[in-house]
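Peer 1: Need a 3D model of the sequence below.
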Amino acid sequence: MKDKFSLAFKLLTLGYSVIPSGGGDKGKSPLVTWQEWQGKIPDENQLCGWETTLHPVLWGIVTNDHIAVLDADIPKVRAELEATLGKPHVITPRGGGHWYIDTTEHPIKTVAGLLPGVDVRGVGGFVNIVGDKYQILQLPVPGTLIPWEKLPEHVLKALKNDGKSGPKAKDGKPITEPQRNARLTSIAGAMRRQGVDPTAIEAALLEINTRQCRPPLAEREVSTIAASIGKYEPGADQNSQADVALRCLADVQAELVSWLWFPYIPLGKLTLLEGDPGIGKSWVSLAVATGVSLGQGLPGAESQEPQAVVLASAEDGLGDTIRPRLDAMGANVANIHAIDGTLTFDDGGLLMLENFIQMRHPALVILDPLVAYLGATVDLHRANETRAVMAKLADIAEKYRCAILAIRHLTKGGALKPIYRGLGSIDLTAACRSVLLAGSDSNDSQKRGIVQIKSNLAPMGKAIGFELREGVFYWTGESSLTWQRILSAEDSEGKSALENAIEFLKDELADGVLPAKDMCGNAEAIGISKRTLDRAKAQLGVTSRRQGGVWVWELTDQGCQDIPPGGEKQSYGDQGCQDCQVGDLATLPQIESNKEVVMKRLGNVDAPPGIPLNHEAVLGMPVEKALEIWRSEGAPVIHLAPGENCFDLRELLSKPDTPGEHLEVIKTWLASKDQKRGGVSFADICKR
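Peer 2: Below is the predicted model:
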């Protein structure tokens, strides 16, 4: 590594824009967005930072308007160029060669397929130079660069024509079956960007198809590729805003939503399927593909005509995993087409995807996982970068009326709201009209299912269960599984019960008040006890009040704190409730003693109109808080433990089996309870 870094540093001192590349799943691709280094050079600190944080296995140079690289792909072509140019500066891993050219007086663009087996990297290009399999014969220092006029005549002629004489398949060797569509689409895209008209593109592709494709594609498929690429403006920037317009909605025809699987997967839209690794997301996607290929088998869906599916899987092998799974589920594999090879959703990759869709007219396109196709230049966590890709995918889905189902992993822990749990920017979720969460029950890991957590076009669908038994997938029908139970097991790892409860309250109440009944029910559903919830409620300062006839909870900056994760009680500060708090095991005499303290404090505060202070009891809460509740509700309250809800005595008195005056009822009831534990808690009163 030190030797490679030393070479990279040397190139930097020679004035080259050197950036890191290669490593892991990046192959030979840059590890940073290379376009921003077209017009500037990193400094020494930047280079050291990349070395320390990215650990590149390769280093490359960003070519520009004064440095270009002639790239011969294979030894045969390298030998031909050596006859006139001499030895290359670098021998590539495949035995090809790189010659560095001084283009200061003649800037040239990057051209793929300039000549058979020859590319040129100029403005808008990048080339690797430092790596274990790259042999540097001579550093590209001044004096070794090839002058423009020294280039062979046929190379100069091709450069002056910008490759318009007809890009060829790179090395002239046979193009085998898995690469035919991808290679022809790439060639067509390069020609169109250089201004070649669709008729000439089609003629060139037909020639390459006949000469090099083994076996050749049907002429109809080649014509489809040429027609698809020909729709783009010559040299057009795919990010241009030429199609932006202002339309009156009176001129827009209302449309009904069509469904692949109601209400889970709409046609012409994007859908996300999320879940932890190994939970069965890929199984679910293949089960959906099976149903589409057969025209039946999706839970709750009516039978329809069998339709085609296009599948892009970057994680599972076609022969050892995907085909056996589809066979086990009884899929009509003749209707399912897999993209074989590396695909990145830059402009060329999206054109290729669109071409595949044009050829097969699928009802369903599966991307497993989505992140594998975004490419090294897209930061998954930056909304402005993911939004552009998702917008183009949405356009493709709408244009061809197919459903695109993208698979995404979850993050570890974090927000409890499920739509925020997917890996990457929230814009990925925002771009999709439906989001499905796959997972298992925290109480029974064998109980799996998918739960819809977002639906913009229809009411939320019911949870659908599935099982994996002996390597076979089975739908099990409607399920009682909830997103809370799916996320609770993973969320609770390494956290205390109180921390989970605090996180739950923050997440649920982030957007405003919610009914207390719903809060308690949701907490119970994910395994948070009433006691823990109340402790978290007090620590956060969550308040209870009536709104529209029901009790609601609201997250504010006020309220007593409770026992924090450290385990010690906190002072209640200026509100002065520490000396009048009542524990959940307090006895009646202790309550009476604290009541005197409270009443003394009440004597120093203006009382609400119509409420006799010497007749009511307020226990275990700040006096100011009790008065706040009295003023808003006009009812006395009792509070028996720090961190537990205030109890409206009107509700207690309204029960048919609660006789007597309110304070006497409470005293009598407390005294009659079993005193084995020294008293009763507020939870007991609620049960009463």
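Peer 1: who's in contact with the host helix or strand of R325?
Peer 2: Element membership for R325, per DSSP states H and E: helix 323-328. Applying CB atoms under 8 Å, 6 or more residues apart in numbering, the contact partners of helix 323-328 are 283, 286, 289-290, 333, 336, 471-473. All C-beta atoms are positioned from the backbone trio N, CA, C, and that covers glycine.
Peer 1: Buried by neighbour count: which residues of it qualify?
Peer 2: 323, 325-326 (16 or more other CB atoms under 10 Å).
Peer 1: just checking, next helix/strand downstream of it?
Peer 2: Helix 323-328 is succeeded, C-terminally, by strand 336-338 (DSSP H and E).
Peer 1: Pull the residues that contact the next helix-or-strand element following that next one.
Peer 2: Once strand 336-338 ends, the next helix or strand along the chain (criterion: DSSP H and E) is helix 347-360. Contact with helix 347-360 is made by 181-182, 185-186, 189, 221, 224-225, 228-229, 232, 238, 308, 310, 312, 337, 339, 343, 345, 365, 373, 375, 392-393, 396, 399-400, 402, as judged by CB under 8 Å, 6+ apart.
Peer 1: Swap in 7 Å and give it another go.
Peer 2: 181-182, 185-186, 189, 221, 224-225, 228-229, 238, 308, 310, 337, 339, 343, 365, 392, 396, 400, 402 (CB atoms under 7 Å, 6 or more residues apart in numbering).
Peer 1: do you know how far the closest residue to Y373 other than its chain neighbours is from R531?
Peer 2: Counting by CB to CB, 6 or more residues apart in numbering, Y373 lies nearest to F345, which is 5.0 Å off, once chain neighbours are set aside. Noted for F345: a distance of 50 Å to R531, by CB to CB, to the nearest Å.
Peer 1: Looking only at neighbour counts, state which of these two leads.
Peer 2: Neighbours per residue (other CB atoms under 10 Å) separate F345 from R531, with F345 holding more: 21 against 18.
Peer 1: Does the more buried one touch A388 like I think?
Peer 2: No: assessed by CB atoms under 7 Å, F345 is found out of contact with A388, at 9.5 Å.
Peer 1: The stretch 301-450 of the chain: strands as residue ranges?
Peer 2: 309-313, 336-338, 364-368, 403-409, 434-441, 444-455 (DSSP state E, counting those that start in this stretch).
Peer 1: CSV for those, including mean pLDDT and distance to E478?
Peer 2: Shown next, in CSV, are the strands of the stretch 301-450 of the chain (pLDDT from 0 to 100; distance: least, CB to CB, whole Å):
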stretch, mean pLDDT, distance to E478
strand 309-313, 94, 25
strand 336-338, 94, 27
strand 364-368, 95, 23
strand 403-409, 94, 21
strand 434-441, 91, 14
strand 444-455, 89, 9
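Peer 1: do you know which of the ones you listed lies nearest P515?
Peer 2: strand 444-455 (20.5 Å; CB to CB).
Peer 1: The closest one: partners in the sheet, and parallel or antiparallel?
Peer 2: strand 434-441 (antiparallel), strand 464-469 (antiparallel) (DSSP bridges).
Peer 1: Name the residues of it that are buried.
Peer 2: Within strand 444-455, the residues that qualify as buried are 447-455, counting by 16+ other CB under 10 Å.
Peer 1: And the contacts of it?
Peer 2: Contacts for strand 444-455 (CB under 7 Å, 6+ apart): 263-264, 279-280, 284, 418-419, 429, 434-441, 460-461, 463-467, 479, 481-483, 486.
Peer 1: Just the buried residues from those, in ChimeraX please.
Peer 2: Restricted to buried positions by 16+ other CB under 10 Å, the ChimeraX selection for these reads:
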select :263,264,279,280,284,418,419,429,434,435,436,437,438,439,440,441,461,463,464,465,466,479,481,482,483,486
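Peer 1: all strands of the stretch 151-300 of the chain, in order?
Peer 2: 175-176, 213-214, 259-261, 265-266, 270-275.
Peer 1: which one of those is the most hemmed in?
Peer 2: strand 270-275 (a mean of 26; mean count of other CB atoms under 10 Å).
Peer 1: What helices and strands are in contact with it?
Peer 2: If you count contacts as 3 or more CB pairs under 7 Å, 6 or more residues apart in numbering; DSSP states H and E, strand 270-275 packs onto helix 281-294, helix 383-400, strand 403-409, strand 434-441.
Peer 1: switch the cut-off to 10 Å
Peer 2: helix 281-294, strand 364-368, helix 383-400, strand 403-409, helix 426-430, strand 434-441, strand 444-455 (3 or more CB pairs under 10 Å, 6 or more residues apart in numbering; DSSP states H and E).
Peer 1: Just put the ones you listed in CSV and tack on distance to R546.
Peer 2: Converted to CSV, these look like this (distance: least, CB to CB, whole Å):
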stretch, distance to R546
helix 281-294, 44
strand 364-368, 49
helix 383-400, 40
strand 403-409, 42
helix 426-430, 34
strand 434-441, 34
strand 444-455, 31
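Peer 1: List just the one of these that sits closest to T199.
Peer 2: helix 383-400 (23.5 Å).
Peer 1: Hey, what's the angle from that closest one to strand 403-409? Just curious.
Peer 2: Orientation of helix 383-400 against strand 403-409 (axes from the mean of the first three to the mean of the last three CA atoms, to 10 degrees) gives an angle of 150 degrees.
Peer 1: got any residues that touch both of F345 and A388?
Peer 2: V378 (CB atoms under 10 Å, 6 or more residues apart in numbering).
Peer 1: quick one: I225 and A204 touch, right?
Peer 2: No: judged on CB atoms under 10 Å, I225 makes no contact with A204 at a distance of 11.1 Å.
Peer 1: Between those two, which is the more surrounded one?
Peer 2: Taking other CB under 10 Å, I225 and A204 do not tie; I225 has more neighbours (27 against 20).
Peer 1: do you know how far the more buried one is from M191?
Peer 2: 11 Å.
Peer 1: got any residues that touch both of those two?
Peer 2: With CB under 10 Å, 6+ apart, I225 and M191 have common neighbours 201, 205.
Peer 1: Can you list the low-confidence ranges for the stretch 301-450 of the chain?
Peer 2: Where the stretch 301-450 of the chain drops to pLDDT under 70, the residues are 347, 412-417.
Peer 1: mind running it again at 50?
Peer 2: Low-confidence segments of the stretch 301-450 of the chain (pLDDT under 50): 415.
Peer 1: Got phi/psi on T476?
Peer 2: When read as degrees, to the nearest 10, the backbone of T476 gives phi -120, psi 10.
Peer 1: Which residues does I464 form beta bridges with?
Peer 2: I450, E478.
Peer 1: So it sits against G291, correct?
Peer 2: No: here I464 does not reach G291: they are 11.8 Å apart, not a contact under CB under 10 Å.
Peer 1: so what sits against both of these two?
Peer 2: 261, 298-299, 475.
Peer 1: Buried ones among those?
Peer 2: 261, 298-299, 475.
Peer 1: Format these as a markdown table; extra columns: pLDDT.
Peer 2: Listed next are the buried ones among the shared contacts of I464 and G291 as a markdown table, based on pLDDT from 0 to 100:
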| residue | pLDDT |
| --- | --- |
| W261 | 95 |
| L298 | 94 |
| P299 | 94 |
| W475 | 95 |
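Peer 1: Output those residues as JSON lines; include the columns distance to D197.
Peer 2: Putting those into JSON lines (distance: CB to CB, whole Å) gives the following:
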{"residue": "W261", "distance to D197": "42"}
{"residue": "L298", "distance to D197": "45"}
{"residue": "P299", "distance to D197": "50"}
{"residue": "W475", "distance to D197": "51"}
